[in-house]
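**Student:** prediction below, plus the sequence it came from.
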Amino acid sequence: MKDDRDPSRFLDRRSFIQLTGTAVTTALLGCGSRGPEDAQKVLRWAEGRNEGVERALFRHTSIDRASRSAKLAGEAFPVYYVSKTLPVWDASVRGPWSLEVSGLVRRPLKLSLDDLLNLKQTRQRVNHYCVEGWTAVADWWGVRVSELARLADVSPDAKYVDFQSFDDGYHESWDIDSALHRQTLIAYAMDGRLLAPAHGAPARLHSPIKLGYKSTKFLTRVVFMPRRNGGYWSDQGYEWYAGT
């Protein structure tokens, strides 16, 4: 995530976090680790310290901007899903698609795609950062999660948000500050067209402030919670916070 005041901040921050986590883990594993359980304890400790650094560096005033010279990835934008086949919402089987906003809210919402399209729209041309090291650029249209939070009247007790999908139960939880960042969208269009199934139709989460696996596709529910509940990849050892 780039800072308006310092164009190099993203690279410095990302490199610092990676190097800090690696250095701390390597040093501690090399000093008295007696086996796998010790290693896991150290890794959990290091991840916690790494998350603390990322949270400290997070700024709501920071935004990501794609380079003016960067080309839209278009059809080359990679496609990922965890189901055996590409998830496609079948209204004849499941009924009309809708997005539920629930949990610690005073006004639960159930929004159709048309409802989303009629809400205040945000458009942004930003980077998509993958944990595998590649970056792609796309134009996204959607509704800020912060706008849904306002409409649902989220409780102050909500500290985390879980984004759930129909892609074989895929979900990822976020801290509330990141979820309400102005570049965190419930996106329904990409590069001027409504989302195709390959990119998460009818709607998906997208934000340049987190690594790609945190942006849940094929979205069905946004749940505001008092505590975090992990996620598909973070439960398998990937970093939970996953800030860029």
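**Tutor:** That came through, no problem.
**Student:** mean pLDDT per helix and strand in this protein: which one sits at the bottom?
**Tutor:** Here the helix or strand of the chain ranked lowest by mean pLDDT, DSSP states H and E is helix 9-29, holding a mean of 38.
**Student:** do you know how far Trp141 is from Ala152?
**Tutor:** 21 Å (C-beta to C-beta, to the nearest Å). C-beta here means a position set from N, CA and C on the backbone, and glycine is covered the same way.
**Student:** distance of the closest residue to Pro197 other than its chain neighbours relative to Tyr81?
**Tutor:** Among residues not flanking Pro197 along the chain, Val88 sits closest, at 4.7 Å (C-beta to C-beta, 6 or more residues apart in numbering). Counting by C-beta to C-beta, the gap from Val88 to Tyr81 is 10 Å.
**Student:** more neighbours: which of those two?
**Tutor:** Set Val88 next to Tyr81 and count neighbours by other C-beta atoms under 10 Å: Tyr81 wins out with 18 against 12.
**Student:** pull the contacting residues for the nearest residue to the more buried one once chain neighbours are set aside.
**Tutor:** Spatially, and ignoring its direct neighbours in sequence, Tyr81 is nearest to Asp167 (5.2 Å; C-beta to C-beta, 6+ apart). By C-beta atoms under 8 Å, 6 or more residues apart in numbering, the contact set of Asp167 is Tyr81, Val82, Ser83, Pro87, Lys217, Phe218.
**Student:** just the helices in this structure please.
**Tutor:** Using DSSP state H, the helices of the chain run over residues 9-29, 36-57, 91-94, 113-117, 145-152, 176-179.
**Student:** same for the last one, what does it pack against?
**Tutor:** It stands for helix 176-179. Helices and strands touching helix 176-179, by 3 or more C-beta pairs under 8 Å, 6 or more residues apart in numbering; DSSP states H and E, are helix 145-152, strand 160-165.
**Student:** I'd like these as CSV, with distance to Glu172 and mean pLDDT appended.
**Tutor:** As requested, the helices and strands packed on helix 176-179 are arranged in CSV below (distance: least, C-beta to C-beta, whole Å; pLDDT from 0 to 100):
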stretch, distance to Glu172, mean pLDDT
helix 145-152, 13, 98
strand 160-165, 6, 98
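**Student:** pick the most deeply packed of these.
**Tutor:** Counting by mean count of other C-beta atoms under 10 Å, strand 160-165 has the highest mean neighbour count of these, with a mean of 22.
**Student:** hmm, who's touching that one?
**Tutor:** With contact meaning C-beta under 8 Å, 6+ apart, strand 160-165 is reached by 87, 103, 145, 170-176, 179, 205, 216-229.
**Student:** now Gly231: closest residue in space, sequence neighbours ignored.
**Tutor:** Among residues not flanking Gly231 along the chain, Glu172 sits closest, at 3.5 Å (C-beta to C-beta, 6+ apart).
**Student:** whoops, Arg94 was the one
**Tutor:** Take Arg94 and drop its neighbours on the chain: the residue closest to it by C-beta to C-beta, 6+ apart is Phe166, 7.8 Å away.
**Student:** the one you found against Phe218, yeah?
**Tutor:** Yes: Phe166 lies in contact with Phe218 (C-beta atoms under 8 Å); the separation is 5.1 Å.
**Student:** more crowded one of the two?
**Tutor:** A side-by-side neighbour count of Phe166 and Phe218, using other C-beta under 10 Å, places Phe218 first with 26 against 18.
**Student:** so for Gln124, which of the helices and strands packed on helix 176-179 sits nearest?
**Tutor:** Minimum separation from Gln124 across the helices and strands packed on helix 176-179 (C-beta to C-beta) falls at helix 145-152, 13.2 Å.
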